[in-house]
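Peer 1: coordinates only, sequence not included:
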């Protein structure tokens, strides 16, 4: 039976290829890709318009935000890239779950992802209730879209 109501966007997991769920992410944004289009026309074409030919696919950078927690996974990955100078590519899987967290609905797998930008929290001693948030922007080579079977 088909579902009539869209799934909410607030039940999701972010997992690095290490197999660990790097929990605590509050936002994932930028999932997407686009195909560039080249316009082409033969000089002897009888049609008076260009043909549109698919070109290279470009992937958006994905931004992951989370409240700072005691988790080494993300910081170890950043250290590999920034301090050790390695390219440390990993696959990142983002999984949307149903309301009960018992069933996976859809997955986006970012293939050969690597950190390209890190932003630490804004720290302010005003005594507020803000959460210390960090942000990681990752670039990746390809995205595989998986719809989980029901």
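Peer 2: Done, it's in. Source: prediction; values computed, not measured.
Peer 1: switch to C-alpha atoms for all contacts and neighbour counts from now on
Peer 2: Fine.
Peer 1: quick one: the strands in this protein, in order.
Peer 2: 12-16, 25-29, 33-40, 51-59, 62-67, 90-97, 104-119, 133-139, 142-147 (DSSP state E).
Peer 1: now do the first one: which elements does it pack against?
Peer 2: Under the contact definition 3 or more Cα pairs under 8 Å, 6 or more residues apart in numbering; DSSP states H and E, strand 12-16 sits against strand 90-97.
Peer 1: pLDDT-wise, which helix or strand of the protein ranks last?
Peer 2: The weakest-scoring helix or strand in the chain, judged by mean pLDDT, DSSP states H and E, is helix 72-82 (a mean of 82).
Peer 1: just give the nearest non-adjacent residue to residue 77, would you?
Peer 2: Excluding its sequence neighbours, the residue lying closest to residue 77 (Cα to Cα, 6 or more residues apart in numbering) is residue 88, at 7.2 Å.
Peer 1: could you do residue 67 as well?
Peer 2: residue 133 (4.3 Å).
Peer 1: over to residue 32?
Peer 2: The shortest distance from residue 32 to any non-neighbouring residue, by Cα to Cα, 6+ apart, is to residue 60 (5.5 Å).
Peer 1: so where's this structure uncertain?
Peer 2: The model of the chain has pLDDT under 70 over residues 1, 18-23, 149-150.
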